[in-house]
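Q: Output the structure for:
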Amino acid sequence: MAQHDRQHSAADPVEELRSAASAEDDNGQPLYEPTDPARPIGHANPPRRTRGLLMQPPPRPSRLEVERRVAEAQLWIAQRIPLALIVEKARESWGVKNTQTINRYLNLARERMVEELISDRRRHQAEQIFALNDCARRAMDAEQFSAAVGAFRVIAEIGGLLRAPIKPPEPHGGGARS
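A: You can find the predicted model right below:
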């Protein structure tokens, strides 16, 4: 039950990624205040030192920065970059070292990609048809006519002018069935 309540309280994944900074200024930068008035930040509980250096947590990303990171993650997913390389790129680009946080960005990016595909299907179909037309034109210029025919066939399938190929019937010979 507690997990169910926690899922409902974090309805907006962007806000969850931002770790709920209390407010933003006019430029979208987070403003910070103590979250629990019963435990004010002060001299009672000083920050710990690590090997003589005072460690400060990195600032929370603004809403705009979270959106930029999600868009970048969508690009990496669309480019089919391996997960290990995505983690490395995210560490370099975003300064995020926690793999769990990187996975949360990737999950949100995938979720958004599916939502966009479902909600804007015609635009995606048009983009694919345009890309395939370009592919077919380049194939014809290179005199690779079978590739051009294949691209035009897929265009016809996307446009609903042609049904996808049906698996040819198996010969009724004396072969063993699996």
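Q: in which helix or strand would I find the nearest residue to residue 94 once chain neighbours are set aside?
A: Leaving aside its chain neighbours, residue 94 sits nearest to residue 69 (5.6 Å; criterion: CB to CB, 6 or more residues apart in numbering). Using the backbone N, CA and C atoms, a C-beta is placed for each residue, glycine as well. Assigned by DSSP states H and E, residue 69 belongs to helix 63-78.
Q: And the contacts of that helix?
A: 14, 17-18, 24, 28, 61, 86, 89-90, 93-94, 105-106, 108-110, 112-113 (CB atoms under 8 Å, 6 or more residues apart in numbering).
Q: filter those to the buried ones?
A: Buried residues within the contacts of helix 63-78, counting neighbours by 16 or more other CB atoms under 10 Å: 17, 18, 61, 86, 90, 94, 105, 106, 108, 109, 112.
Q: show me the contacts for the first one.
A: Meaning residue 17. 61, 66, 69, 101, 104, 105, 108.
Q: and those residues as TSV, adding secondary structure and distance to residue 136?
A: Listed next are the contacts of residue 17 as TSV, based on DSSP: H, G, I helix; E, B strand; the rest coil; distance: CB to CB, whole Å:
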residue	secondary structure	distance to residue 136
61	coil	42
66	helix	39
69	helix	36
101	helix	42
104	helix	40
105	helix	36
108	helix	35
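Q: Residue 91: neighbour count?
A: Residue 91 has 14 neighbours, counted by other CB atoms under 10 Å.
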